[in-house]
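K.L.:
dropping the sequence and predicted coords here.
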Amino acid sequence: MGCASSSKRRRRAPGYEEPAVLAAQTSFTVNEVEALYELYKKLSFSIIKDGLIHKEEFQLALFRTSKGANLFADRVFDLFDLKQNGVIEFGEFVRSLSIFHPKASESEKTKFAFKLYDLRGTGYIEKEELREMVLALLDESDLCLSDGAVEEIVDSTFNQADTNGDGRIDPREWEEFVKKNPASLRNMSLPYLQDITTAFPSFVMHSEVEDCGGIDK
């Protein structure tokens with residue numbers, strides 16, 4: 001059979017969930033979830049072409065490169081990979097992006113940001129973890145600060161957040177810190193996430209997914 005007749009039987013992406021279900025559980029509308037599915041297909045076929053988003057594809061979409069270690073990129077990928085199986089499925093993609101939706105609650109954003117800095121998964125943010133993430137964020141932004149300036153940022157944060165003085169920040173302390181310093185969540189909202197194409201490089205939306213044998217709804 002030809003491509004046209006076989007297209008109706010295309011399989012859905014791994015981890016595919018109905019838009020209505022995902023819309024009910026996230027900050028997205030059904031139309032936005034459907035748009036995200038189109039984006040997901042393009043991302044998941046950008047390099048490996050298996051209908052799953054691998055780390056290389058995720059880094060290429062978000063950070064314009066698929067090579068080189070980047071702590072921030074790795075950490076964001078790990079948090080999106082809810083099943084911790086090394087790839088991001090469609091349901092994981094939508095649920096994780098929902099946290100960055102302008103309508104998502106501050107509580108969701110606060111919890112995600114805490115996990116982002118809790119690099120070792122201990123349930124606390126250690127000073128060294130904060131230092132590592134600050135350096136990674138500066139590197140990602142192509143900013144260069146002196147060691148003294150970085151230490152000043154780390155020390156200032158801990159002086160404000162570590163209210164019990166035990167040398168680490170627990171979730172309650174982080175929540176209080178965020179309330180007093182709302183700018184700490186400024187990167188946790190993408191104002192135009194409703195138009196998801198603005199959150200990713202243009203190559204993603206212009207890349208071609210094969211008409212035959214591809215994944216579709």
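P.N.:
It's in. Quick caveat, the model's predicted, so the values are computed rather than measured.
K.L.:
lowest-confidence helix or strand of the protein?
P.N.:
None of the helices or strands of the chain scores lower by mean pLDDT, DSSP states H and E than helix 202-206, at a mean of 40.
K.L.:
tell me which helix or strand the most centrally placed residue in the chain sits in.
P.N.:
With distances taken as Cα atoms, centre = their mean, Val76 lies nearest the centre of the chain, 4.8 Å away. Using DSSP states H and E, Val76 sits in helix 71-80.
K.L.:
and Leu39, helix, strand or coil?
P.N.:
Three-state assignment for Leu39 (DSSP: H, G, I helix; E, B strand; the rest coil): helix.
K.L.:
hmm, back to that, same for the helix holding Val76, what does it pack against?
P.N.:
Applying 3 or more Cβ pairs under 8 Å, 6 or more residues apart in numbering; DSSP states H and E, one finds that helix 71-80 makes contact with helix 55-63, helix 90-98, helix 106-117, helix 127-140. For glycine as for every other residue, the C-beta is placed from the backbone atoms N, C-alpha and C.
K.L.:
of the ones you listed, flag the one that's most buried.
P.N.:
Ranked by mean neighbour count, the helices and strands packed on helix 71-80 are led by helix 90-98 with a mean of 22 (mean count of other Cβ atoms under 10 Å).
K.L.:
got the angle for that one vs helix 106-117?
P.N.:
Helix 90-98 runs at 110 degrees relative to helix 106-117, counting by axes from the mean of the first three to the mean of the last three Cα atoms, to 10 degrees.
K.L.:
contacts for helix 90-98 next, please.
P.N.:
By Cβ atoms under 8 Å, 6 or more residues apart in numbering, the residues outside helix 90-98 that reach it are 13-17, 22, 25-28, 33, 36-37, 40, 53, 79-83, 88, 104, 108, 193, 196.
K.L.:
again, only this time at 7 Å
P.N.:
With contact meaning Cβ atoms under 7 Å, 6 or more residues apart in numbering, helix 90-98 is reached by 13, 15-17, 22, 26-28, 33, 36-37, 40, 53, 79-83, 104.
K.L.:
for stretch 123-133, same thing?
P.N.:
71-72, 114, 117-120, 150, 154, 157-158, 167-170, 174.
K.L.:
got a ChimeraX select line for the buried ones in those?
P.N.:
The following ChimeraX command selects only the buried members of the contacts of stretch 123-133, with burial defined by 16 or more other Cβ atoms under 10 Å:
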select :72,114,117,118,119,154,157,158,168,169,170,174
